[in-house]
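S.K.: Predicted coordinates and the sequence they were generated for:
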Amino acid sequence: MKKNLILLTTLFASISGTLVAQTAKRSGTAAQERAINIDFNKTAGKFSTMFNECVGAGRANEGLRADWQQQLAYVRKECGFRYIRMHGLLTDDMAVYTEDSKGNPVYNYMYIDALVDFLQSIGMKPFVELGFMPSALASGSKTIFWWRGNVTPPKDYEKWGALVKDLTRHFTERYGASEVKTWYFEVWNEPNLDGFWAGTQDDYFKLYTYSAKAIKSVNSSYRVGGPGTAGAAWETEMIAYCQKNNVPIDFISTHAYGVKQGYLDEFGNSGTVLDKNPMSVSGDVLQSRKEIAGSAMPDLELHYTEWSASYTPADPIHDSYHEAAYVLQKLKQVGKAANSMSYWVFTDIFEEPGPRFTPFHGGFGMLTIQGINKPVFYAYQFMNRLGNIELANTDSTSWVCRDSTGNIQVLAWDFTNTHPGDSVHNQQYYIRDLPSKPKGKLKINIANVPAGTYALEVYKAGYRCNDAYSTYLSLGKPAQLSRQQVEQIKSQNDGTPVSKEIIKVKDGTPFSKELAIWENDVYFLNFIKVD
């Protein structure tokens, strides 16, 4: 059986290579060859897992839904996320705050407890975003989104501070100080945007001051930060304000997206264009780290608590196979500059514009509402399968790792920004069937692999391979999916290996593997030592 499997795998590789050669011959160009040269004995240190430190979700109340919880448990298991950040923890649908007839605060944490208890049950922690304003505490009626998050400053900052203190005290009593010390508290969301904060920068700094002092009054070791801005704004101002006024701060948080237009458009009506700048997003992160390093507080942690290719949950790039390679490209460019990069978000169960009516609508999620894996899910699953020891590697679009048992993992990709430019919006481009073009051969060479027998599994995500959206297109883009159609899409994009083989490595014999690679392909190779 093993012999037949090896023969089939060899035949598959031969056919793939022939197809690349034929395509190159037709186009009149020589097939490109990209080589990744690795020495098993040369390491680059511990592999950074900042990519799955945190993940985003829409709003806290959605976290009380059974399907949301099932999907989060799944991505936690497969992708390894440790923290989760979401809006709306203090919004009225969480029933946290009201006042009695005399204006005295009345606190209620039943819904918050149910949510956090669930997170704890699956081994996750909250990256607590303090917002939005309970209507009984709000100074105005301005809201955002279908679920009406109040974005006005508090009518009474003392009452706001008392709420934050009481909530922090409650967390301490319920989960213990040693646990809450591992959490993060972030004050508000994108206060530099009028849509999210009806006050001024000074008003935000005042809100932050009351919040930070309230949290630290419960336990000085608890971690608090901000400003959670859009577009890497207010970072130096935030640090300068806290330094000047002796206000505690443990981390800087901000957001970045890979399109050029604006920051807020829950319906996608204005149109977006994927930025052609090869350092979009990652350039912001590197600049943020540089600003912190040059500040009066150079050791602050840096958390990008939202990021993705696009800031609107109506952008088909999120559903496209291009997104998987895009995410890997940006995370590789960021390196260790950030303490976390929280992908926005894990599921299309996300109701900022209200409930959505079609299964693939360009939502932020790694999974559709029905729990179908999008290509970007596999990017995170593959990263989570990398070993804890990174091997020295000069290739800029791959990671090669090993673990303590001698298994080897290779994650390699091609990112090609095929977007035609400003003349076409993402909403018109990525909604199409977009066949990829060949990029030649990928050759992986690993020297000094310990002798033994290895099972090699090759996984892939790319055009029509773990590409659920293309399967959906082939079904005629139905507005609603039947149970059978959901199962069909899932079964055709279930992440199983595209090939398997058994390899025997002798002492001193380098290992080499050649693959055909196409635009925006993602390959994951898992070498499992069996004896």
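M.R.: Alright, I've got the coordinates. Computed from a prediction, not measured in an experiment: that's the story for all the values here.
S.K.: where exactly do the helices run in the stretch 201-350 of the chain?
M.R.: 201-218, 235-245, 282-293, 322-334 (DSSP state H, counting those that start in this stretch).
S.K.: so of those, which one's packed in deepest?
M.R.: helix 322-334 (a mean of 25; mean count of other Cβ atoms under 10 Å). Where C-beta positions appear, they are placed from N, C-alpha and C, glycine not excepted.
S.K.: Can you give the contact residues for that one?
M.R.: Identification of contacts with helix 322-334 by Cβ atoms under 8 Å, 6 or more residues apart in numbering yields 50-51, 258, 279-282, 285-286, 307-309, 317, 341, 343, 374-376, 378-380, 383, 396-397, 399, 411, 413-416, 418, 430, 434, 461-462, 520-522.
S.K.: Please give the centre-to-centre distance between that helix and its chain.
M.R.: Here helix 322-334 is found 10 Å from its chain centre; the criterion is Cα atoms, centre = their mean, to the nearest Å.
S.K.: tell me the mean pLDDT for that helix?
M.R.: Throughout helix 322-334, pLDDT has a mean value of 98.
S.K.: What of stretch 89-105?
M.R.: The model assigns stretch 89-105 a mean pLDDT of 97.
S.K.: Excluding its own residues, what touches that stretch? List them.
M.R.: So stretch 89-105 is contacted by 59-61, 88, 106-112, 128-137, 147-150, 159, 162-163, 166-167 (Cβ under 8 Å, 6+ apart).
S.K.: Buried among these? Need that as a selection in ChimeraX.
M.R.: Of the contacts of stretch 89-105, the buried ones can be selected in ChimeraX as follows, counting by 16 or more other Cβ atoms under 10 Å:
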select :59,60,61,88,109,111,112,128,129,130,131,132,133,134,135,136,137,147,148,149,150,159,162,163,166,167
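S.K.: Give me the subset of the contacts of stretch 89-105 lying in helices.
M.R.: 110, 111, 112, 159, 162, 163, 166, 167 (DSSP state H).
S.K.: ok, for the second one, nearest residue in space, not its chain neighbours?
M.R.: Right, residue 111. residue 94 (4.8 Å; Cβ to Cβ, 6 or more residues apart in numbering).
S.K.: How about the fifth one?
M.R.: In this structure, residue 162 finds its nearest non-sequential neighbour in residue 105, 6.4 Å apart by Cβ to Cβ, 6+ apart.
S.K.: count of neighbours near residue 280?
M.R.: Residues lying near residue 280 (other Cβ atoms under 10 Å) number 20.
S.K.: ditto for residue 435
M.R.: That count, for residue 435 with other Cβ under 10 Å as the rule, works out to 10.
S.K.: That one: which element?
M.R.: Residue 435 is part of no helix or strand when elements are defined by DSSP states H and E.
S.K.: Quickly note the distance from it to residue 470.
M.R.: 9 Å (Cβ to Cβ, to the nearest Å).
S.K.: so what's in contact with these two at the same time?
M.R.: residue 463.
S.K.: any chance of the helices of the stretch 201-350 of the chain in TSV, with distance to residue 32 too?
M.R.: Formatted as TSV, the helices of the stretch 201-350 of the chain follow (distance: least, Cβ to Cβ, whole Å):
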stretch	distance to residue 32
helix 201-218	50
helix 235-245	40
helix 282-293	24
helix 322-334	17
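S.K.: Poorly predicted segments of the chain, please.
M.R.: Residue ranges of the chain with pLDDT under 70: 1-31, 261-269.
S.K.: what are the phi and psi values for the residue of it positioned farthest from its centre?
M.R.: Distance from the centre of the chain peaks at residue 102, with 45.1 Å (Cα atoms, centre = their mean). Main-chain dihedrals, residue 102, degrees, to the nearest 10: phi -100, psi 0.
S.K.: now do residue 477
M.R.: Torsion angles, degrees, to the nearest 10, at residue 477: phi 50, psi 50.
S.K.: now do residue 98
M.R.: Torsion angles, degrees, to the nearest 10, at residue 98: phi -150, psi -180.
S.K.: what does residue 109 give?
M.R.: Torsion angles, degrees, to the nearest 10, at residue 109: phi -120, psi 20.
S.K.: Was I right to think it contacts residue 167?
M.R.: Yes - counting by Cβ atoms under 8 Å, residue 167 is a contact partner of residue 109 at 7.0 Å.
S.K.: Around the closest residue to residue 196 other than its chain neighbours, count how many other residues there are.
M.R.: Of all residues not flanking residue 196 in the chain, residue 190 sits nearest, at 4.3 Å (Cβ to Cβ, 6+ apart). Residues contacting residue 190 under the criterion other Cβ under 10 Å number 25.
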